[in-house]
Structures are given as C-alpha cells and as structure tokens.
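Colleague: Let's see this in three dimensions:
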Amino acid sequence: MSTLGPQEPVSMLYMFLLLFEALLFGLFTSAMFCEQLSSILTDQTGIERLKNDYAPPRRSAVQNLSETFGRPCSLLWLLPTPVTFNGLTWWDILPTEHEV
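Modeller: Coordinates of the predicted model:
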C-alpha cells in the first residue's frame, strides 16, 4: 500500500515536464548540428542552396572539414583548444588600446 502525499503528483508532473523540455532541447540541438555539418560538408549554406546563386568548388568532405577545423585531420577537432595565427593567440592580436 502506497500513500501519496500532496507533493507526490506535483513532483511527477514536474519530472515529465522536465523530460519533455530535455527532449525538445535534444531535438533542436541535433537539428542544428545536422544543418551545420551539412553546410560544412557541402561548402554551401542553406540560403545559398535555396537561392542557387553559389556553386561551391568540388572538394571532398575531408578537405572541407580541414578548411573549417584546421589541418591536419586529428582528434583535436573535437576539443576546444586555443586558436593561433602564426603562433599568436587571439589575445596577442588584439590592439593595445583594448587591453584590460
């Protein structure tokens, strides 16, 4: 025999609402991931595809990924690492009057 207090149904409702919100967030995140990956692999944005005004150069998917994430192809593409330009970080490139 289970005795449900007045808070038990409310907490179940909150749990189902939280689960629904998490599913919506996961669906949105996966849709955005697929859209971005498609744009990188084809070297063409969704707007350019709709307008048919840009013909991207014929390159392989690995070449497009390398251009986006940097060379060479490595597992570092999946890790957030500092971006460098000729050995300098973005902080070194900032003009001196913007230093904090």
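Colleague: So which bits of stretch 21-29 are buried?
Modeller: Residues of stretch 21-29 classed as buried by neighbour count (16 or more other CB atoms under 10 Å): none. Glycine gets a C-beta too; all of them are placed from N, C-alpha and C.
Colleague: now that stretch: mean pLDDT?
Modeller: Mean per-residue pLDDT for stretch 21-29: 98.
Colleague: what's the answer for stretch 59-68, then?
Modeller: pLDDT averaged over stretch 59-68 gives 84.
Colleague: how about the nearest residue to Y54, chain neighbours excluded?
Modeller: Nearest residue to Y54, sequence neighbours excluded (CB to CB, 6 or more residues apart in numbering): E48, at 4.3 Å.
Colleague: The one you found in helix, strand or coil?
Modeller: helix (DSSP: H, G, I helix; E, B strand; the rest coil).
Colleague: neighbours around it, how many?
Modeller: By the criterion of other CB atoms under 10 Å, E48 has 15 neighbours.
Colleague: Then R49?
Modeller: By the criterion of other CB under 10 Å, R49 has 13 neighbours.
Colleague: The residue most central in space within the chain: what secondary structure?
Modeller: Nearest to the geometric centre of the chain sits F33, at 5.5 Å (CA atoms, centre = their mean). Using three-state DSSP, the structure places F33 in helix.
Colleague: picking up where we left off before, local confidence estimate at the residue nearest to Y54?
Modeller: So, for E48, pLDDT stands at 83.
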